[in-house]
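Undergrad: Sequence isn't available, so here's the structure alone:
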């Protein structure tokens, strides 16, 4: 699959006349709990030549290509990426932290360094809290639930706890979050679910685990109350402007 992904990225560069500076895996494969039938979610950052950025007519700043049932490839233009970085977009921080990298460049390494200056607590916390709350409300209150939905609630809550405890970007690997933030008494339940998740199809159902539901509900309330009193200090555009100009005039 790595070869297939590499070839698809080259096709995109040729067809759209762009340069891909970074490409990674996102989703369950990057998080570390993929099922045997999990698809590949490839995400990339690309840049155009200088003349394209100077044209008056508007252009799309995303490239979206569902290649097949098992491969989905989407990317963001560099200017969109930098605007989202200014807002401390949590999805972008996950891309920049992915352990599965299909293409890396010096430009991407510079971007990763700059990104550290733009991390804000509140946008990340609200993003992850909303993700956990929605998955809990919609999918985890029945007597049987999809295994993966537990992880789609637990992982963002553990990410919130990491951010609150350490004040840094949360790691993308679920195992790192579990090691640091999950209470010891819940680890056996989570290990049980992990074994099911990585050895069965995506839609595998399991009986509701009340201990995890109680933890999720309690965490949502605790984290919600803590966010209110946080203050972020937002950096200006200077670093991002310099980076952008260097990239398109290089």
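TA: Looks like it came in fine. Treat the numbers as computed from the prediction; the structure is a model and nothing was measured.
Undergrad: For residue 62, see how far away the closest residue to residue 120 other than its chain neighbours is.
TA: Excluding its sequence neighbours, the residue lying closest to residue 120 (C-beta to C-beta, 6 or more residues apart in numbering) is residue 88, at 3.7 Å. All C-beta spots, glycine's among them, are computed from the backbone N, C-alpha and C. Relative to residue 62, residue 88 is positioned 19 Å away (C-beta to C-beta, to the nearest Å).
Undergrad: Who has more neighbours out of those two?
TA: Under the neighbour definition other C-beta atoms under 10 Å, residue 88 and residue 62 were set side by side, and residue 88 has more, 21 against 10.
Undergrad: element containing the more buried one?
TA: Using DSSP states H and E, residue 88 is not contained in any helix or strand.
Undergrad: before we move on, what about residue 122?
TA: Per DSSP H and E: helix 121-139 holds residue 122.
Undergrad: swap in residue 23?
TA: Going by DSSP H and E, residue 23 is in strand 19-26.
Undergrad: Residue 79 now?
TA: Residue 79 is part of helix 78-86, with elements assigned from DSSP H and E.
Undergrad: And the contacts of the helix or strand bottoming out on mean pLDDT in the chain?
TA: The least trusted helix or strand in the chain, going by mean pLDDT, DSSP states H and E, turns out to be strand 62-66, with a mean of 89. Strand 62-66 is contacted from outside by 8, 12, 16, 18, 44, 46, 72-77, 80, using C-beta atoms under 8 Å, 6 or more residues apart in numbering.
Undergrad: What segments of the chain are helices?
TA: 2-16, 28-31, 50-54, 78-86, 90-97, 106-115, 121-139, 147-166, 174-181, 187-199, 210-227, 238-249 (DSSP state H).
Undergrad: buried ones in the fifth one?
TA: Think helix 90-97. 90, 92-97 (16 or more other C-beta atoms under 10 Å).
Undergrad: Residue ranges in this protein under the pLDDT threshold?
TA: Within the chain, the stretches with pLDDT under 70 are 67.
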